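1. Sequence isn't available, so here's the structure alone:
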């Protein structure tokens, strides 16, 4: 049965027409079905295998299980094969540690718990001690996106949002960081501290505060934030502190303004978040991902910059931006992907 499934789900990659880059499509779902693919995540294993995941959303998928589909490529992305599902998982991000793949997200898309799954066989299955249902790290009402999982100083970090009733978008989102101490015990197949809720902690949710908005801004009709990014600030040679700074750079719903983001910082001692600043950030109105490159000592982000000020929710351009200091961001590669189909009719 597995061989048949893999054959049927073998994806013959093709170039994406809206880009002049050599980009391959992993999987596609026809739009008329009103079932759309979301929450992409990708990792590379020590074997060279690429593992990518996504979930489903849209009017055509409302009554379906909240599972994540997983694809693999063993030829550096030339071809892809469906390999497994991650059960009870949504808005999920993949990460690799000690040759294990971890998937952290929520178990639903409303009133959801934070859940973790693990694969010890290169994404073939997601069983931990004989159970593939995943392990609830925190019960509650949470939401998120496929935001980065970052490992630094023997800690694993991920942002998430607490989303209590009445679950208004984006007003009721509250910023949270979850973290796991990786130094607590030795890892094994059956005794993995990352899979133990007791080794995780959660910051008290930080409610968006309208007082953060400068008086010089026009009236922001529906302010709020969501889908934060863990960003590690390396130790400075001139700093007396031995601790890394852990930031949460988070999407800012700032209509009628755009291209702004908010910086929060984690206090290691109190495990609390605090507001630092609002920065100019291309694409800060919509989902973005920030990654640090230690070789160039540069932060990079894939963004949807707003180029038409009258359309602050514009997201039809994908560009690459960079920053050396996290405060000043510049588009370095524009129009990686571009689609103007129906843009002005939205």
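-> All right, it came through fine. The structure presented is a predicted model; accordingly, all values stated were derived computationally and were not measured. Residues are numbered from 1 along each chain as shown.
2. Might you report the residue contacts of residue 32?
-> By C-beta atoms under 8 Å, 6 or more residues apart in numbering, the contact list for residue 32 is empty. The way it works is simple: take the backbone N, C-alpha and C, and place the C-beta from them, glycine included.
3. helix/strand/coil for it?
-> helix (DSSP: H, G, I helix; E, B strand; the rest coil).
4. From residue 315, how far out is it?
-> Look at residue 32 and residue 315: by C-beta to C-beta, to the nearest Å, they are 22 Å apart.
5. just residue 250 next, same as before
-> Taking C-beta to C-beta, one finds residue 250 at 17 Å from residue 315.
6. Comparing these two, which residue is more hemmed in?
-> residue 250 (25 against 16; other C-beta atoms under 10 Å).
7. Please name the residues that touch the more buried one.
-> 159, 175, 225, 226, 227, 228, 229, 261, 262, 263, 264.
8. Could you report the neighbour count for residue 96?
-> Quick note: residue 96 (other C-beta under 10 Å) scores 16 neighbours.
9. host element of the nearest residue to it once chain neighbours are set aside?
-> With sequence-adjacent residues excluded and distances taken as C-beta to C-beta, 6 or more residues apart in numbering, residue 96 is closest to residue 43, at 5.1 Å. Here residue 43 is covered by strand 36-44, with elements defined by DSSP states H and E.
10. would you list every one of the strands in the stretch 51-200 of the chain?
-> Listed in chain order, the strands of the stretch 51-200 of the chain (DSSP state E, counting those that start in this stretch) span 68-73, 79-86, 90-97, 100-106, 112-119, 135-143, 149-152, 155-162, 174-181, 200-202.
11. so which of these comes closest to residue 234?
-> strand 149-152 (9.0 Å; C-beta to C-beta).
12. Residues contacting that closest one, please?
-> Contacts for strand 149-152 (C-beta under 8 Å, 6+ apart): 93-95, 97, 102, 104, 156-158, 182, 230-232, 244, 246.
13. how about low-confidence regions in the protein?
-> 1-20, 185-186, 236-242, 342-346 (pLDDT under 70).
14. repeat that with 80
-> 1-23, 184-190, 235-243, 340-346 (pLDDT under 80).
15. domains for it, by residue range?
-> Following the TED database, one gets these domains for the chain: 15-139, 147-235+243-345.
16. tell me how far the first one is from the chain's mean position?
-> Which is domain 15-139. 12 Å (C-alpha atoms, centre = their mean, to the nearest Å).
17. on that earlier part again, want to throw the contacts of residue 250 into TSV with secondary structure?
-> Output for these, formatted as TSV (three-state DSSP):
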residue	secondary structure
159	strand
175	strand
225	strand
226	strand
227	strand
228	strand
229	strand
261	strand
262	strand
263	strand
264	strand
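18. Just the closest of those residues to residue 329, please.
-> residue 261 (8.6 Å).
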